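*Asks:* Sequence first, then the predicted structure, then my questions.
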2 protein chains.
Amino acid sequence: MTCSLSSLCLPLSLNLEEIDKLDKIIKRRQALKKGDHLFRQGDNFESIYAVRSGSLKSYIMTNNGEEQITNLHLPSELVGLDSIDCKSYPISTKALETTSVCEIPYSNLQELYTKLPDLRSQIFSCMSKELRDDKQMMLLLSKKNAEEKVASLLANLSARFKRRGYSPYTFRLSMSRNEIGSYLGLAVETVSRVFTRFQSMDIIAVNGKEIHIANKNQLLKIADLNDYLVAIDKKSIAS
Amino acid sequence: MTCSLSSLCLPLSLNLEEIDKLDKIIKRRQALKKGDHLFRQGDNFESIYAVRSGSLKSYIMTNNGEEQITNLHLPSELVGLDSIDCKSYPISTKALETTSVCEIPYSNLQELYTKLPDLRSQIFSCMSKELRDDKQMMLLLSKKNAEEKVASLLANLSARFKRRGYSPYTFRLSMSRNEIGSYLGLAVETVSRVFTRFQSMDIIAVNGKEIHIANKNQLLKIADLNDYLVAIDKKSIAS
DNA sequence: AAAAGTAGTTGAGCTATATCAAGTTTTTGA
DNA sequence: TCAAAAACTTGATATAGCTCAACTACTTTT
């Protein structure tokens, strides 16, 4: 019944008693089906979540009904850190496929911060990392062209899959072309065209949502507009 | 010699003894001149900072030498929250004008978290807010056009000045047109043209870096692509 | 106070990507 | 398993904003 958060999402050095304290507050939620909301903008904020399996997108709706995806959440990642001082969630989060999550009621988590300083540090660390990722996303959105954006996304996904023990070369996109466009600030058609172009350049092989990275170096070269974060990705997916 | 952080940057309900504990770890840094770095990407991370007066920009450099501004820091705001689990700063931060800051050595701050849970919550809250601001920035960068971007920036600055007791209608931009472009993902020329257009529409009056907002409603209307954050701004600068 | 540099503005033309349109493939669900 | 809908692809065209260029107005230096 434990979520094994301690090893997967929050790699902590806790003793058994401490792990037990943490596990006690964690609830297992029923699996979400594709399209189900984990929460909607405006819902009362009570909990943060850790993704166990599947994937989620967080998004804001603009007045004219367009959706801006702000996060793609994969297993072991935390959802809702941007809400912890709000009465209600400022964004919506929905499942991209069948997805299971652990629910961590935030008031309970908060009570543990004093007793478990390592846990507290870990949450600080997750938030700080999300801030860094956001800055990279801003760079991507404002300075990269369509090819660089798509290459960056694929390199980033590859690194994240690798970190969790999956192949960095072959994986399945849980986002539609439309959602990729929304995430990267591109029209669907442009995403589609870049995929076609990358295929004809033998950089990737695409079959619907299945992606195979055929030429990692070339992909990284295209993605590589800035030194810092891509350097991390490079290490992560280096053969 | 105190930074009065307790009232300005971190509105806490601490008793005198607690305030004293916090003040003890805070160092006053010598004022930075325009263009001075507070820290550079790669410098050892030791401290976060609170802006006392003036303003700073945080930025990433791309491989081809372009700079992406990721934050504009005004007085009472914290700098460096995206670095707290890093050995070295992942970005650079430099003064846009003569600027004074308080230095808060992070290891000392961390030691206070257990004794002062309110302080800890306050830092969590600042990070969470920065995450929300980042998501709004992503929306701006990927969905807004040039006019909406500039209007959003002006509305946002207006709200931030108002919150600190300054006029929400007349203020001075500390960023150059070039920096505004870098921040908003626009070319300098486009920023300049939008300023000219807004002037001819009598929405603002511009004199170099001095801005006067002449038609707040119109400005908000143009900025207003999404409900959530602009709603906050609206309240803040509503006459 | 002149000179030299830097920042800002304005215009003209170009280009990357959006938009529109039409077709194809995949998914869904009755 | 077939029909309808949704997702994806490809082509043609439009356009917002970029780039290049020239000019003007500040700032800084000496």
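*Replies:* Sure thing, it's come through. Numbers count the residues shown, from 1 in each chain, chains lettered A, B, ... in the order given.
*Asks:* Could you tell me which residues make contact with the spatially most central residue of chain A?
*Replies:* For chain A, the residue nearest the mean C-alpha position is residue A:73 (2.8 Å; C-alpha atoms, centre = their mean). Residues touching residue A:73, when contacts are defined by C-beta atoms under 8 Å, 6 or more residues apart in numbering or on different chains, comprise A:51, A:55, A:56, A:57, A:58, A:79, A:93. To be clear about C-beta, it is placed using only N, CA and C from the backbone, and glycine gets the same treatment.
*Asks:* Show me which residues of chain A are close to DNA strand C?
*Replies:* A:34, A:145, A:146, A:147, A:185, A:186, A:187, A:189, A:190, A:208, A:209 (C-beta under 7 Å from any atom of the strand).
*Asks:* Show me which helix runs longest in chain A.
*Replies:* helix A:117-143 (DSSP state H).
*Asks:* so how far is that one off the chain centroid?
*Replies:* 11 Å (C-alpha atoms, centre = their mean, to the nearest Å).
*Asks:* packing partners for it?
*Replies:* helix A:106-115, helix A:146-163, helix A:228-237, strand B:56-61, strand B:67-73, helix B:106-115, helix B:117-143 (3 or more C-beta pairs under 8 Å, 6 or more residues apart in numbering or on different chains; DSSP states H and E).
*Asks:* What's the first helix or strand after the strand or helix carrying residue A:19?
*Replies:* Residue A:19 belongs to helix A:16-25 when assigned by DSSP states H and E. Downstream of helix A:16-25, the first helix or strand assigned by DSSP H and E is strand A:27-28.
*Asks:* In its sheet, which strands sit next to that next one, and in what direction?
*Replies:* Sheet pairing of strand A:27-28 (DSSP bridges) gives strand A:100-105 (antiparallel).
*Asks:* And for the partner strand, what's in contact with it?
*Replies:* A:3, A:5, A:9, A:25-29, A:31-32, A:38, A:46-54, A:56, A:79.
*Asks:* which among those end up buried?
*Replies:* A:3, A:5, A:9, A:25-26, A:32, A:38, A:46-52, A:54, A:56, A:79 (16 or more other C-beta atoms under 10 Å in any protein chain shown).
*Asks:* Could you dump the helices and strands packed on helix A:117-143 into CSV and include distance to residue B:199 and mean pLDDT?
*Replies:* Below are the helices and strands packed on helix A:117-143 laid out as CSV (distance: least, C-beta to C-beta, whole Å; pLDDT from 0 to 100):
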stretch, distance to residue B:199, mean pLDDT
helix A:106-115, 47, 92
helix A:146-163, 34, 96
helix A:228-237, 38, 44
strand B:56-61, 25, 96
strand B:67-73, 22, 96
helix B:106-115, 44, 93
helix B:117-143, 22, 95
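*Asks:* Residue B:21 is nearest to which of the ones you listed?
*Replies:* Counting by C-beta to C-beta, residue B:21 lies closest to helix B:106-115 out of the helices and strands packed on helix A:117-143; the figure is 6.3 Å.
*Asks:* helices and strands around that closest one, which ones?
*Replies:* Using 3+ C-beta pairs under 8 Å, 6+ apart: helix B:106-115 touches helix A:117-143, helix B:16-25, strand B:47-53, helix B:117-143.
*Asks:* Please report the distance of residue A:68 from DNA strand C.
*Replies:* With distances taken as C-beta to the nearest atom of the strand, to the nearest Å, residue A:68 is found 13 Å from DNA strand C.
*Asks:* burial count for that residue?
*Replies:* Neighbours of residue A:68 under the rule other C-beta atoms under 10 Å in any protein chain shown: 25.
*Asks:* Return the residues in contact with it.
*Replies:* A:59, A:60, A:61, A:62, A:182, B:138, B:139, B:142, B:143.
*Asks:* ditto for residue A:167
*Replies:* residue A:161 are the contacts of residue A:167 under C-beta under 8 Å, 6+ apart.
*Asks:* Could you look up the SS state of it?
*Replies:* Taken by DSSP: H, G, I helix; E, B strand; the rest coil, the conformation at residue A:167 corresponds to coil.
*Asks:* what pLDDT does it get?
*Replies:* For residue A:167, the pLDDT comes out at 94.
*Asks:* now swap in the one 10 residues further on and tell me
*Replies:* Residue A:177 is assigned a pLDDT of 97 by the prediction.
*Asks:* For the contacts of residue A:68, which entry has the maximal number of neighbours?
*Replies:* That'd be residue B:139 among the contacts of residue A:68, by other C-beta under 10 Å, with 26 neighbours.
*Asks:* Can you pull the residues of chain A lying near DNA strand D?
*Replies:* Near DNA strand D, when you scan chain A using C-beta under 7 Å from any atom of the strand, you find A:176-178, A:188-189, A:191-193, A:195-196, A:206, A:208-209.
*Asks:* picking up where we left off before, which of the residues of chain A next to DNA strand C sit farthest apart?
*Replies:* The farthest-apart pair in the residues of chain A next to DNA strand C, when distances are taken by C-beta to C-beta, is A:34 and A:145, at 31.2 Å.
*Asks:* mind giving me TSV with the residues of chain A next to DNA strand C and columns for distance to residue A:84 and secondary structure?
*Replies:* Shown next, in TSV, are the residues of chain A next to DNA strand C (distance: C-beta to C-beta, whole Å; DSSP: H, G, I helix; E, B strand; the rest coil):
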residue	distance to residue A:84	secondary structure
A:34	27	coil
A:145	35	coil
A:146	35	helix
A:147	37	helix
A:185	27	coil
A:186	31	coil
A:187	34	coil
A:189	38	helix
A:190	35	helix
A:208	37	coil
A:209	33	coil
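*Asks:* Strand partners (parallel or antiparallel) of the helix or strand hosting residue A:211?
*Replies:* Assigned by DSSP H and E, residue A:211 belongs to strand A:210-213. Next to strand A:210-213 in the sheet, as set by DSSP bridges, lie strand A:170-172 (antiparallel), strand A:204-207 (antiparallel).
*Asks:* For the longest one, list every residue counted as buried.
*Replies:* Along strand A:204-207, the positions that meet the burial threshold by neighbour count (16+ other C-beta under 10 Å) are residue A:204.
*Asks:* how would you label residue A:35: helix, strand or coil?
*Replies:* coil.
*Asks:* Correct me if wrong: it contacts residue A:93.
*Replies:* No. Judged on C-beta atoms under 8 Å, residue A:35 makes no contact with residue A:93 at a distance of 11.9 Å.
*Asks:* For those two, indicate the residue with more neighbours.
*Replies:* For residue A:35 versus residue A:93, neighbours defined as other C-beta under 10 Å are more numerous around residue A:93 (24 against 9).
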